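Visitor: okay, here's the prediction I keep looking at, along with the sequence it came from:
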Amino acid sequence: MKKITILLLSIVALFMSCNQSNKKNAYTASSHIDNVEETGSHLKRDNGYTLMKNNCYACHNPNTKSHDEILAPPFKAVKMHYMREYDNKEKFVDAMVDWVQHPDEEKALMFGAVKRFKVMPKLALSTEDLEKIAAYIYDNDVEQPEWMEEHMKERKGKM
């Protein structure tokens, strides 16, 4: 069952990455539909989360049940590494956009993730959509898998 899930997620990721000639893939159309959530007495409109969920969760899903099920590091870990390296939102967003547009092992901040998962495929997302996703990650407390805290404790003992 686990192999079938990984195979299906890999096919989805491959399909998304093969659509590079078309700058706006089918998921990009969802960028015009805002994710609306109630916050206090006003509505907050933010489609960065929707874009992230629709385009990135195939591999970076925080709802995986174990470390063995993931296809890419969770965004909580990605955010931690990028926050350590980039001291403001503009640099953070620019670096994440550059990574997704030009993934390269030599530019990686997460060497363990690259070793385990290899370099992510280049995605056919517009710069504008990537900026919205990266800004959402920077501005919000992104979800982390239930197992991540324990995994991080184990990793610290091995470093």
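Guide: Arrived safely, thanks for sending.

Visitor: which of the helices and strands in this protein ranks last by mean pLDDT?
Guide: Lowest on mean pLDDT, DSSP states H and E among the helices and strands of the chain sits strand 42-45, with a mean of 34.

Visitor: I'd like the next helix or strand past it.
Guide: Sequence order places helix 48-60 as the next helix or strand after strand 42-45, per DSSP states H and E.

Visitor: just the CA atoms of that next one, as CSV, please.
Guide: What follows is helix 48-60, C-alpha atoms only, in CSV (Å, rounded to 0.1, in the frame of the first residue of the first chain):
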residue,chain,number,x,y,z
GLY,A,48,-1.0,31.6,-0.6
TYR,A,49,-2.2,28.7,1.5
THR,A,50,-4.5,27.4,-1.3
LEU,A,51,-1.7,27.6,-3.8
MET,A,52,0.6,25.7,-1.4
LYS,A,53,-1.9,23.1,-0.6
ASN,A,54,-2.9,22.5,-4.3
ASN,A,55,0.6,22.6,-5.7
CYS,A,56,3.0,21.4,-3.0
TYR,A,57,1.2,19.0,-0.7
ALA,A,58,1.5,16.1,-3.1
CYS,A,59,5.1,15.9,-1.8
HIS,A,60,5.3,18.2,1.3
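
Visitor: ok, then the element right after that helix?
Guide: By DSSP H and E, the next helix or strand past helix 48-60 is helix 75-85.

Visitor: and the average pLDDT for the helix or strand just after that next one is what?
Guide: For helix 75-85, the following helix or strand on the C-terminal side (DSSP H and E) is helix 89-101. Helix 89-101 comes out with an average pLDDT of 96.

Visitor: and the contacts of helix 89-101?
Guide: 78, 82-83, 85-86, 107-109, 120, 122-123, 125, 127, 130-131, 133-135, 137-139 (CB atoms under 8 Å, 6 or more residues apart in numbering). For glycine as for every other residue, the C-beta is placed from the backbone atoms N, C-alpha and C.

Visitor: make it 7 Å
Guide: Applying CB atoms under 7 Å, 6 or more residues apart in numbering, the external contacts of helix 89-101 come out as 82-83, 86, 107, 122-123, 125, 127, 130-131, 134-135, 138.

Visitor: the residues you listed, buried ones only, as a ChimeraX selection?
Guide: Buried members of the contacts of helix 89-101 can be picked out in ChimeraX with the line below, counting by 16 or more other CB atoms under 10 Å:
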select :82,86,123,125,130,131,134,135,138
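
Visitor: I appreciate the help and will end here.
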